[in-house]
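# quick one, fold the following:
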Amino acid sequence: MNEYADLTQAVIRRLDLPLEDDVAIREKCLEIYEHGAAVGFTGFTYYDDTTEFYDLHHHLIWELLGDIAEAQSCTPLEYLVTFYQTLSNGQQHVWDEKTFKNYLAWFALEWVAGAVIGDQMPSILASKFEQ
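Numbers count the residues shown, from 1 in each chain. Predicted coordinates:
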């Protein structure tokens, strides 16, 4: 799938998709990529879902986040701020650990969707880092 196969498989399982159904996976990932995590997808809709996903896979999420930030010559938190601002259009805030975990789970979901359809960084984020 990609170099982050463990995270990709964890997301696909959480979406309740069979790992061998490439067509269903691609269709769902395209839907996620086009509409964003905030519209709600199986396993990523409620805070209980997203915080559980984060708690189970935080080490994979932070590994990915660190690699992306390094490639963009910024820190993981700088990258997260850009992701968060893009995701929420400045309309929502991270007030506590639960909302922070929620956004990190959504980050993983959206990154995996982009990786599956062949674009590892959505263009809306890439433009924020162009020099």
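# need the contact list for residue 62.
By Cβ atoms under 8 Å, 6 or more residues apart in numbering, the residues touching residue 62 are residue 76. (Each C-beta comes from the backbone N, C-alpha and C, glycine too.)
# meant to ask about residue 61, not that
Listed by Cβ under 8 Å, 6+ apart, the contact partners of residue 61 are 7, 54, 104, 105, 107, 108.
# how far does stretch 18-35 sit from the chain's center?
14 Å (Cα atoms, centre = their mean, to the nearest Å).
# check which residues of that stretch are buried.
25, 28, 29, 32, 33 (16 or more other Cβ atoms under 10 Å).
# ok, stretch 54-62 next?
54, 57, 60, 61.
# how many residues are close by residue 95?
By other Cβ atoms under 10 Å, the residues close to residue 95 number 8.
# before we move on, what about the one 4 residues further on?
Burial measure for residue 99: 16 neighbouring residues, criterion other Cβ under 10 Å.
# re earlier: compile the buried residues of stretch 18-35 into a markdown table and extend it with columns for pLDDT, secondary structure and distance to residue 114.
As requested, these are exported to a markdown table (pLDDT from 0 to 100; DSSP: H, G, I helix; E, B strand; the rest coil; distance: Cβ to Cβ, whole Å):
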| residue | pLDDT | secondary structure | distance to residue 114 |
| --- | --- | --- | --- |
| 25 | 93 | helix | 13 |
| 28 | 96 | helix | 13 |
| 29 | 94 | helix | 8 |
| 32 | 94 | helix | 9 |
| 33 | 90 | helix | 6 |
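# now do whatever helix or strand residue 112 lives in: which elements does it pack against?
Per DSSP states H and E: residue 112 is located in helix 97-116. Counting contacts by 3 or more Cβ pairs under 8 Å, 6 or more residues apart in numbering; DSSP states H and E, helix 97-116 packs against helix 5-14, helix 22-35, helix 47-71, helix 76-88.
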